[in-house]
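Asker: Structure for this input, please:
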Amino acid sequence: MVKVFTYGSVVVQVLTRDEHAPPHVHVVSPDYSVELDISAPEVVVKPTSKNARTKNTPKFVKEAISQVTAHRQECKNIWKQYVNKGGFVDD
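Answerer: Alright, predicted model coming up:
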């Protein structure tokens with residue numbers, strides 16, 4: 001796991017063993033989590049598998065998207081450095 005940045009008690013991270021596409025980040029707080037797809041020009045919620053254990057609220061997701069959008073280049077750079085699987089639309 002590589003921490004990309006934090007805001008408040010929320011950590012945005014890339015799981016380096018999480019080698020599947022699309023490129024994405026995990027946004028985790030003590031109470032909530034969401035995976036965000038960073039491969040397209042617009043950051044969106046990554047569809048999760050049936051077994052995924054995610055808990056969030058619309059407010060948490062909206063703020064997570066806003067924060068990751070503001071730091072998208074950092075997220076992309078970390079993904080490319082540590083995982084490098086999947087492509088980016090705007091590269």
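Asker: So for the longest helix along the chain, what gets flagged as buried?
Answerer: Assignment by DSSP state H gives helix 58-70 as the longest helix of the chain. Neighbour-count burial for helix 58-70, counted by 16 or more other Cβ atoms under 10 Å, picks out 60-61, 63-65, 67-68. Every residue, glycine included, has its C-beta placed from N, CA and C.
Asker: Low-confidence bits of this protein, can you list those?
Answerer: 18-19, 49-53 (pLDDT under 70).
Asker: all helices in it, in order from the N-terminus.
Answerer: Using DSSP H, helices in the chain cover 58-70, 72-82.
Asker: and the longest one, what other elements does it pack with?
Answerer: Right, the one you point to is helix 58-70. strand 10-14, strand 24-28, strand 33-37, strand 44-45 (3 or more Cβ pairs under 8 Å, 6 or more residues apart in numbering; DSSP states H and E).
Asker: Next one: F60 from G8, what distance?
Answerer: 11 Å (Cβ to Cβ, to the nearest Å).
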